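Chemist: Here's a sequence, model it:
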Amino acid sequence: MSSQNDSVVTLSRALDQTGDVLAAIHTDQLSEPTPCQDWDVAHLIGHVLGAPGRFTEAVRGGDPDWSAPPEPVTANWTSKFRSDADDLIHAWHQQGDVDEGAADWQIAEFAVHTWDLVRATGQDRALDPTVAERGYAFMSKALTSENRGHAFEPEVEAPSDADPYDRIAAFAGRKV
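Modeler: Take a look at the predicted model:
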């Protein structure tokens, strides 16, 4: 990618596709398990709903509470996500030109959790490979065995023919 704002453009695409995946989830799927250890679909949606607001706060120089419990899931989860995602992109645009890769952690977060939601809800959809590739490039440099914490299981081996989403999911400790 060539311009220093490419990470924000890719983040926008990641947020759009996450919104599309959220829109396809039905309330009868909320109790289904996900690839995230001990999280059902409702818990994962709640986590995804809180992410744009926390990232927006961080972009604006704040100190978000990353340990806050997931948002409660209400019937309008897609519209809430899309509104908060718009606020996040707006916050990035208010920053002006940003450093190359500035939004890459956010891209990785949405790439992994979009894959999680697609798998958990059985959606048959093509996902933007550029989002996963950029997220994986960031994660593979920034996420080490020492800083995985409780959020990520140890990396698992991805199949040799894995697509970009399976590669980033395996790196995040998901079984693909």
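Chemist: what about dumping the CA coordinates of whichever helix or strand Asp166 is part of to CSV?
Modeler: Element membership of Asp166, judged by DSSP states H and E, is helix 164-171. Listed next in CSV are the C-alpha coordinates belonging to helix 164-171 (Å, rounded to 0.1, in the frame of the first residue of the first chain):
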residue,chain,number,x,y,z
PRO,A,164,-5.8,-14.9,4.5
TYR,A,165,-8.6,-15.2,7.0
ASP,A,166,-7.7,-18.7,8.0
ARG,A,167,-4.1,-17.6,8.4
ILE,A,168,-4.9,-14.7,10.7
ALA,A,169,-7.4,-16.8,12.7
ALA,A,170,-4.7,-19.6,13.1
PHE,A,171,-2.2,-17.0,14.2
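Chemist: Look at Thr10 and give its secondary structure.
Modeler: Following DSSP: H, G, I helix; E, B strand; the rest coil, the label given to Thr10 is helix.
Chemist: neighbouring contacts of stretch 41-58?
Modeler: The contact list for stretch 41-58 (CB atoms under 8 Å, 6 or more residues apart in numbering) reads 15, 18, 22, 25, 29-34, 36, 39, 63-66, 68-73, 77, 80-81, 84-85, 87-88, 91, 106, 109-110, 113, 116-117, 120-121. For the C-beta atoms, the positions are set from N, CA and C on the backbone; glycine is no exception.
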